[in-house]
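J.: any chance you can model this:
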Amino acid sequence: MPIVDFIIPDYFTRIVTWKVSETNEELLRILKLDKIRQGKYDLLTPKRKREYLGLRACLMALGLDNKVKYTKEGKPFVEGTYNISVSHSHGVVCVGASTFNIGVDIELERDQKINTIKYKFIRKDEFEYIPDGEEKDYYHILWGLKEALYKIHHGNLWSFLNHYRVEPFHLKSDKPIVCWIIDEKASVKYYAYYKKINNYYMTYVLNYE
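T.: From the prediction side, this is the model:
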């Protein structure tokens, strides 16, 4: 099974990254979907089928596949145990499960695209701490962190410039990256991390409160 990364950053959190390189038939043999899930799978588009099978494979690797339920908004969770966050990017699926609120993001390294959209998600104060020569990594990490913050807040705050802020950090540091979600009423502090997995950037955000 092509698990490309499995980390346990703390006692309460597990994150698995899976490259969906198997055929659909191979994954279906591994997963053994029940009638309800098979029916859902049959209705999906080819792209969504791949993502669905990758998600189920990650949940199986986490030992949670048969325990997952969904909110009305479609957000997966394990009742009374784990919060779950899911991300897809170009054939790779990443799933994080934690007793804390968690948001994960996985992004393929795409220098041209990230450079084109950088002014849409990087604040002026964030540009100021990016070292010369390290722009590519910082751009991808900042994008991933804000995507993860967006997910942890269920997409209720949408402006990556106004609602999400990332404090200065260093690429080689093991310290958590401090992030904030800001709205009209309050600012909430989060702790974030990143990892380069082949040519993908995986980021995750946790709320320890």
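J.: for this protein, which spans come out with low pLDDT?
T.: 1, 73-74, 155-157 (pLDDT under 70).
J.: okay, the residue located most distally from the centre of it and Tyr193: tell me how far apart.
T.: Largest separation from the mean C-alpha position in the chain: Lys35, at 28.6 Å (Cα atoms, centre = their mean). Distance of Lys35 to Tyr193, given as Cβ to Cβ, to the nearest Å: 39 Å. Quick note: C-beta positions are derived from backbone N, CA and C, even for glycine.
J.: now His140
T.: 14 Å.
J.: now the longest helix along the chain, how far from the centre of its chain.
T.: Longest helix in the chain, counting residues (DSSP state H): helix 135-152. Helix 135-152 sits 10 Å away from the centroid of its parent chain (Cα atoms, centre = their mean, to the nearest Å).
J.: mind listing what's buried in it?
T.: 135, 137-152 (16 or more other Cβ atoms under 10 Å).
J.: I'd like the next helix or strand past the single longest strand found in the chain.
T.: Counting residues, the longest strand found in the chain (DSSP state E) is strand 187-197. Using DSSP states H and E, the helix or strand that follows strand 187-197 in sequence is strand 200-207.
J.: compute the inter-axis angle for that following strand and strand 187-197.
T.: 150 degrees (axes from the mean of the first three to the mean of the last three Cα atoms, to 10 degrees).
J.: could you say what helices and strands strand 200-207 packs with?
T.: Helices and strands touching strand 200-207, by 3 or more Cβ pairs under 8 Å, 6 or more residues apart in numbering; DSSP states H and E, are strand 13-19, strand 92-98, strand 101-108, helix 135-152, strand 187-197.
J.: identify the residues contacting the longest one?
T.: So the one you mean is helix 135-152. Helix 135-152 has contacts (Cβ atoms under 8 Å, 6 or more residues apart in numbering) with 85, 87, 101-107, 109, 111, 114-115, 117-118, 121-122, 126, 130-131, 157-158, 160, 164, 166, 171, 177, 179, 181, 190, 192, 194, 196, 201-205, 207.
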